[in-house]
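1. Build the 3D model from these lines:
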Amino acid sequence: MTDRRTADRLLADAEERLRVTEELPARLAAVRGWAYNADENVQVTVDVHGGLKELKLDESALSLGPDALGEAIVALSHRAQQAALAEGVNVLGDALGDAAALEMMRSAGLRPDPEPDVVPYTPGVDPNAHRWRVIED
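-> Numbers count the residues shown, from 1 in each chain. Next up, the predicted model:
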């Protein structure tokens with residue numbers, strides 16, 4: 001069997017990419033990112049552009065005081081926008097492909113999942129042996 005795609009498959013893929021591209025504006029407009037603080041009493045939701053869409057404050061958040069509360073909202077908005085940007089890149093990647101999506105992530109300052117460490121194989125040596133806990137009978 002060959003790995004080459006047929007002309008019909010290539011045409012179908014191109015039509016699907018056009019369909020996805022036409023939906024991009026609506027899909028990007030729907031992207032949201034959210035973040036909350038450690039006490040979970042401040043939650044921020046933003047769009048892909050960083051525009052504040054929702055702010056939830058628990059009564060206990062008011063005890064932070066105006067300066068600390070303002071700082072928390074700004075910091076959470078930044079974290080939420082990073083999440084929204086990552087999701088936006090995923091949406092764009094559906095239309096543009098994985099290579100373009102990775103390049104957009106890098107140019108936006110987002111870090112894709114790091115490559116896992118590769119441990120060379122050494123016969124008779126288990127690189128994870130130091131992590132094992134032996135349970136005695």
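
2. list the contacts for the residue nearest the centre of the chain?
-> The residue lying closest to the centre of the chain (CA atoms, centre = their mean) is residue 86, at 3.9 Å. For residue 86, the contacting residues are 33, 105, 110, by CB atoms under 8 Å, 6 or more residues apart in numbering. The way it works is simple: take the backbone N, C-alpha and C, and place the C-beta from them, glycine included.

3. Ramachandran angles for it?
-> Residue 86 adopts backbone torsions of phi -60, psi -40, taken as degrees, to the nearest 10.

4. Please enumerate the helices of this structure.
-> 7-22, 24-30, 66-96, 98-107 (DSSP state H).

5. JSON lines for these, including distance to residue 131?
-> Compiled in JSON lines, the helices of the chain are given as follows (distance: least, CB to CB, whole Å):
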{"stretch": "helix 7-22", "distance to residue 131": "43"}
{"stretch": "helix 24-30", "distance to residue 131": "42"}
{"stretch": "helix 66-96", "distance to residue 131": "30"}
{"stretch": "helix 98-107", "distance to residue 131": "31"}
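
6. returning to that earlier point: nearest to residue 56 among the contacts of residue 86?
-> Of all the contacts of residue 86, residue 56 sits closest to residue 33, with 14.3 Å by CB to CB.

7. Bridge partners for the closest one, pull those for me.
-> residue 46 (DSSP bridges).

8. Contacts only, for residue 104.
-> 89, 92, 93, 96.

9. Among those residues, which one has the most neighbours?
-> residue 89 (23 neighbours; other CB atoms under 10 Å).

10. pretty sure that one is touching residue 110, no?
-> Yes: using CB atoms under 8 Å, residue 89 makes contact with residue 110 at a distance of 6.8 Å.

11. one step back: using TSV, lay out the contacts of residue 104 together with pLDDT.
-> Formatted as TSV, the contacts of residue 104 follow (pLDDT from 0 to 100):
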residue	pLDDT
89	87
92	85
93	83
96	80
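
12. okay, these in a markdown table with distance to residue 136 next?
-> Shown next, in a markdown table, are the contacts of residue 104 (distance: CB to CB, whole Å):
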| residue | distance to residue 136 |
| --- | --- |
| 89 | 50 |
| 92 | 54 |
| 93 | 50 |
| 96 | 56 |
